[in-house]
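I'd like to go over a predicted model; first the sequence, then the structure.
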Amino acid sequence: MGAFDFLLQGLATAAEPMMLLYALIGVTLGTAVGVLPGIGPALTVALLLPVTYRLDAAGSLIMFAGIYYGGMYGGSTTSILLNTPGESASIITALEGNKMARKGRGGPALATAAIGSFIAGLIATLLLAFLAPSIVKVALVFGPREYFALMVLAFVTVSAAFGDSALRGLTSLFLGLALACVGIDQLTGQARLSFGVPELLDGIEVTTMAVAMFAVGEALFIAGQRNHQEDEVTAVKGSVWMSRRDWARSWKPWLRGTFIGFPIGAMPAGGAEIGTFLSYATEKKLTKHPEEFGNGAIEGVAGPEAANNASAAGTLVPLLTLGLPTSATAAIMLAGFQQFGLQPGPLLFATNPTLVWGLIASLLIANAMLLVLNLPMIGLWVKLLTVPKPWLYAGILLFATLGTIGANPSSFELGMLLGFGVLGYVMRLFGYPIAPIVVGLILGPMAEQQLRRALAISQGDWTTLVHSPIAAVLLGIAALALIVPLILRARGKGQVLSQLAGDED
Amino acid sequence: MTVLRSIRSAFSTFRAAIHAASAVEMHRVPADKDLKMLGINKVAFQTIHL
Amino acid sequence: MPRRRDTAALVIAAGLALVAGVMLWDSARLADLGGYSGVGPASVPRVVAYCLLGLAVWTVVAALKGDFPARPQQNVPPVLWIIAGLAAQLVLLHVAGFSIATGILFAFTARAFGKTNLAKTLPIGIVFAFVVWMVFSQLLMLHLPPGPLEHLIFRQG
């Protein structure tokens, strides 16, 4: 059976009324959190984990994916109307989109963002469906050492290769790995780093940590910021619909954005933001109206918005086929799978094809729902923008603690929430990235298990790790990804210095 | 040579995008040279409420 | 920019070294049942600890060179208000119940973001938290600790 048949079967699963309801809840929530600044999809999924504990696995996962897609749609609304990006992946949209809104072209800006997101989501989800089976076929031969190598690669790329400081990225990662060691060792049953505290024997809850990092840490950071700008909503004036000229100028950026965003989402580099920056740079280089860039060029909205949706779908490729999260949101979704005792990866395609293909197919449905939700009903979301900041953050913290208390109503768990929240605040303050510590905590135990299995098979021979060509290549790439940026950065610093010297002359 | 140059320019644009992305994730304005490489007007960028 | 010593970064380095030390101390008391592989429960914590030590040294070097990015200016009182709110909730949760404890957190957070009138925000917070408690504990069957307020209205508790 080919991917197409699987997809049709998946559509049948996803079209069940209950699944449709889950998808609808997901995309609605996703759009809402996308619109609201301060909460992103990663935090929302983390908050929902304890609540969905008793619900249907397939339905919950469909809901989570809907939140991820929805967040990418909703973020653009705030960017365009408020100049305040609801998600970091929509920052670039604010650049041209808000200028358009100020000129009374907010309608077409919102339309090109929504339609571009739809087209990108559609193409990228189909790409996901047709690529997944071949990746799964390759991954089926993976043994422990290949998985270990893959995880090492993910560690390096998430933390060191692409951030602006290898030191801070690696520090964040290793803090996550240290926290991952807490609890009972899976293979020997010995308690590690738990200091006789019974609550620590189960290890550190991923949801507590994620909620603390994304909700508490973020709220502390925003509260501490000096300049509270008063936001002003730019009313949508004029026609909401795009003119023929707008269409003509939008369709190419949509497609380019899709094909930029998708591979970048799939790469273990993390984040949909990179694709949006690249798409903007591309559109600016290729445009026939360079004078409009900076003054509200529609291409600058169409391209990046397509790119961020495509990379959301791209992120799902390694997550579903290899069980490898490449961004913070994907890492939390992995925790969502694990909560139901499911391990995404090639085996899941074999053991539970209904669930996997139902999930992929539901993305197509969610995408269509989002288009309806975001174009005709845009006025509703604009109302959400007027929630004042004090109530917004008070509500966020209320629900953040609710999730933690609901999962485990102990003061100890709340203490951890507070402790990690302060840690997240300090990390933000000093410019430490958040994604590596979360990825480290989630992937750490898996990597350790695979490593010990691989070494048990080889009876302690470490060279086994590079005897398999796939593992060797993956580890090689990881080593390069760690070292090359360090060299480039060292050289880059020299260039800047010489440039500065040149400017003084 | 032009092929080599365009590959290099693609790579440096890519790097600038990555640096800018990691900066905005930390609520910071990206470095001037990254913004310049991406064709983003710094003044316009600073008006965005990160 | 002048190269200056960065005390805060040095404190971070000390913290990293401390974490590494604790991990090494903890792994030393584990029976290392390496078995066939030679890699036991203590191995990975040890490797992580050594890496953290290395990162601590690297942080010291970066701090002495002044490589850390400039810190954004922060207002301390709002941050402390939120922390106080979370701490109050933690302490009061099992004494006063979910609604009152969380209402205090709500009001303190609103205070941090500029709603200074606690006499107004506190009741709003408690009522809102109570509604949330009703929805989540009665409908979604989440276990949220009840207190006097919850017992007053739902006698069966």
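Structure received.

now the residue most central in space within chain B: how far from B:Phe14?
When C-alpha atoms, centre = their mean is applied to chain B, the residue found nearest the centroid is B:Asp34 (3.3 Å). Between B:Asp34 and B:Phe14 the computed distance is 11 Å (C-beta to C-beta, to the nearest Å). For glycine as for every other residue, the C-beta is placed from the backbone atoms N, C-alpha and C.

repeat for A:Trp251
According to C-beta to C-beta, A:Trp251 and B:Phe14 sit 25 Å apart.

one more: A:Ser76?
Distance of A:Ser76 to B:Phe14, given as C-beta to C-beta: 23 Å.

between those two, tell me which one has more neighbours.
Between A:Ser76 and B:Phe14, counting by other C-beta atoms under 10 Å in any protein chain shown, A:Ser76 is the more crowded of the two (33 against 18).

let me see the contact set for that one.
Residues near A:Ser76 by C-beta atoms under 8 Å, 6 or more residues apart in numbering or on different chains: A:34, A:86, A:90, A:93, A:97, A:110, A:113-114, A:117, A:301, A:305.

what's the farthest-apart pair in those residues?
A:Gly34 and A:Val301 (15.4 Å; C-beta to C-beta).

can you give me the pLDDT of the residue lying closest to A:Ser60 once chain neighbours are set aside?
Nearest non-adjacent residue to A:Ser60, counting by C-beta to C-beta, 6 or more residues apart in numbering or on different chains: A:Thr52, 4.1 Å away. Model confidence at A:Thr52, given as pLDDT, is 81.

give me every residue that touches A:Thr52.
Contacts of A:Thr52 (C-beta under 8 Å, 6+ apart): A:60, A:63, A:336, A:339.

grab the nearest non-local neighbour of A:Ala94.
Closest to A:Ala94 by C-beta to C-beta, 6+ apart is A:Ser79, at 3.8 Å.

can you report how many residues neighbour C:Thr7?
When counting by other C-beta under 10 Å, one arrives at 9 neighbours for C:Thr7.

where does the nearest residue to it once chain neighbours are set aside land in three-state SS?
Among residues not flanking C:Thr7 along the chain, C:Ala63 sits closest, at 7.9 Å (C-beta to C-beta, 6+ apart). Assigned with DSSP: H, G, I helix; E, B strand; the rest coil, C:Ala63 falls in the helix class.

okay, now the unreliable bits of the chain?
Since you didn't name a chain, this refers to chain A. With pLDDT under 70 as the threshold, chain A has low-confidence stretches at A:1, A:160-164, A:226-233, A:235-239, A:268-271, A:491-505.

please refer instead to chain C.
C:1-5, C:31-38, C:155-157.

what do you get for chain B?
For chain B, the stretches flagged by pLDDT under 70 are B:1, B:50.

near chain C, which residues of it?
B:27-28 (C-beta under 8 Å from any C-beta of the partner chain).

chain A contacts on chain B?
Counting by C-beta under 8 Å from any C-beta, chain B comes close to chain A at B:13-28, B:33, B:37-41, B:44-45, B:47-50.

all strands for the stretch 51-200 of chain A, in order.
For the stretch 51-200 of chain A, strands defined by DSSP state E, counting those that start in this stretch occupy the ranges A:183-184, A:191-192.

circling back to that earlier point, among the contacts of A:Thr52, which pair sits farthest apart?
A:Met63 and A:Gln339 (12.8 Å).

ok, the two, which is more surrounded?
Applying other C-beta under 10 Å to A:Met63 and A:Gln339 shows that A:Met63 carries more neighbours, namely 29 against 18.

between the contacts of A:Thr52, which is nearest A:Gly424?
A:Gly424 lies nearest to A:Gly336 out of those, by C-beta to C-beta, at 20.4 Å.

SS state for the closest one?
Per three-state DSSP, A:Gly336 ends up helix.

run a quick neighbour tally on it.
For A:Gly336, using other C-beta under 10 Å, the count is 24.

residue contacts, the residue lying closest to it once chain neighbours are set aside?
Spatial nearest neighbour of A:Gly336, chain neighbours left out: A:Phe64 (5.3 Å); criterion: C-beta to C-beta, 6+ apart. By C-beta under 8 Å, 6+ apart, the contact set of A:Phe64 is A:26, A:45, A:48, A:333, A:336.

my read is that the last one contacts A:Ala42, right?
Okay, so that is A:Gly336. No - between A:Gly336 and A:Ala42 there is no contact under C-beta atoms under 8 Å: 11.1 Å.

got the contact list for residue 42?
No chain in the question, so chain A it is. Applying C-beta under 8 Å, 6+ apart, we find A:Ala42 in contact with A:210, A:214, A:327-329, A:331-332, A:438.

ah, I was thinking of chain C
Counting by C-beta under 8 Å, 6+ apart, C:Ala42 touches A:192, C:27-28, C:30, C:32.

state the distance from C:Val132 to chain B.
Using C-beta to the nearest C-beta, to the nearest Å, C:Val132 is found at 29 Å from chain B.

what about that residue, which SS state?
Recorded secondary structure, C:Val132: helix (three-state DSSP).

A:Gly403 is in contact with that one, correct?
No - in this structure C:Val132 lies outside contact range of A:Gly403 using C-beta under 8 Å: 11.3 Å.

what's around the residue of the stretch 301-450 of chain A found nearest chain B, how many residues?
Of all residues in the stretch 301-450 of chain A, A:Gly431 sits closest to chain B, at 5.4 Å by C-beta to the nearest C-beta. A:Gly431: 20 surrounding residues under other C-beta under 10 Å.

could you look up the SS state of it?
Under three-state DSSP, the three-state class of A:Gly431 is coil.

what residues are up against it?
The contact partners of A:Gly431, taken as C-beta under 8 Å, 6+ apart, are A:164-165, A:168, B:26, B:28, C:68-69.

one more pass at 10 Å, please.
For A:Gly431, the contacting residues are A:163-165, A:168, B:22-23, B:26-28, C:68-72, by C-beta atoms under 10 Å, 6 or more residues apart in numbering or on different chains.
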